[in-house]
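**Student:** any chance you can model this:
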Amino acid sequence: MTTRLRIGQAAVVGVALVMTLAACGGASSATPSHAITSGPATASAPVASGTTEASSPGASGAACTILTMDAVSQATGFTVTQTNGTDAICYYQNADQSQYLIVTLFSSQADMATVLQIEPGSEHVSGLGDDAFWVASAGILFVRKGDHGLELLDPDSSFGAGGTASRDALVTLARAALPSV
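**Tutor:** As a prediction, this is how the structure comes out:
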């Protein structure tokens, strides 16, 4: 892989992280509306296999309850040992925090406007939510369901690791999360 391509990929990942962090920067509009009505943040969440389990004790918001650590571990190929987050964003991390998946929830069209700007250069994913797209160079899967959105960011998949397998794994996670979005 060329240095120029790696720099471009790193730039896209950086922009995605900035957008993700901006989405949860404390503004009340970034808080998903379902977080208010979905019950306590410690509720069990569905996993791809159909069983339920609560996320880790470190989970601190709704975004950490829509997927289990086991489901994320199976999809990403690394063992998730902890979660940290808010109502709008959750980091699923391995023990040394070198590998992680970021889940971001959006509660309105305005909140997701920035991430939707990258859709034209992406790959459409059919049959997922009302609209979904995959940005391979950034490791981002974005799904819109009505006025709500879900972004799954796996930075390890942005450097060519996994190819369509990475996309398919994130699609599986998105399908498990969509009922909670």
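
**Student:** what about the strands in the protein?
**Tutor:** All strands of the chain, identified by DSSP state E, fall at 45-46, 52-53, 82-85, 89-93, 100-106, 123-124, 131-135, 140-145, 148-153.

**Student:** let me have those strands in a markdown table, extended by mean neighbour count.
**Tutor:** (Each C-beta comes from the backbone N, C-alpha and C, glycine too.) Output for the strands of the chain, formatted as a markdown table (neighbours: other CB atoms under 10 Å):
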| stretch | mean neighbour count |
| --- | --- |
| strand 45-46 | 20 |
| strand 52-53 | 12 |
| strand 82-85 | 21 |
| strand 89-93 | 25 |
| strand 100-106 | 26 |
| strand 123-124 | 12 |
| strand 131-135 | 21 |
| strand 140-145 | 25 |
| strand 148-153 | 25 |
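
**Student:** nearest to residue 73, of the ones you listed?
**Tutor:** Closest of the strands of the chain to residue 73 is strand 89-93, at 8.2 Å (criterion: CB to CB).

**Student:** coming back round to it: closest to residue 171 out of the strands of the chain?
**Tutor:** strand 140-145 (6.6 Å).

**Student:** only alpha carbons, please: show the closest one as PDB.
**Tutor:** Output of strand 140-145 as PDB, limited to C-alpha atoms (Å, rounded to 0.1, in the frame of the first residue of the first chain):
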ATOM      1  CA  ILE A 140     -17.500   3.200   8.700                       C
ATOM      2  CA  LEU A 141     -20.900   1.700   8.300                       C
ATOM      3  CA  PHE A 142     -23.700   4.200   8.700                       C
ATOM      4  CA  VAL A 143     -27.400   3.300   8.900                       C
ATOM      5  CA  ARG A 144     -30.300   5.700   8.900                       C
ATOM      6  CA  LYS A 145     -33.700   4.600  10.400                       C
END
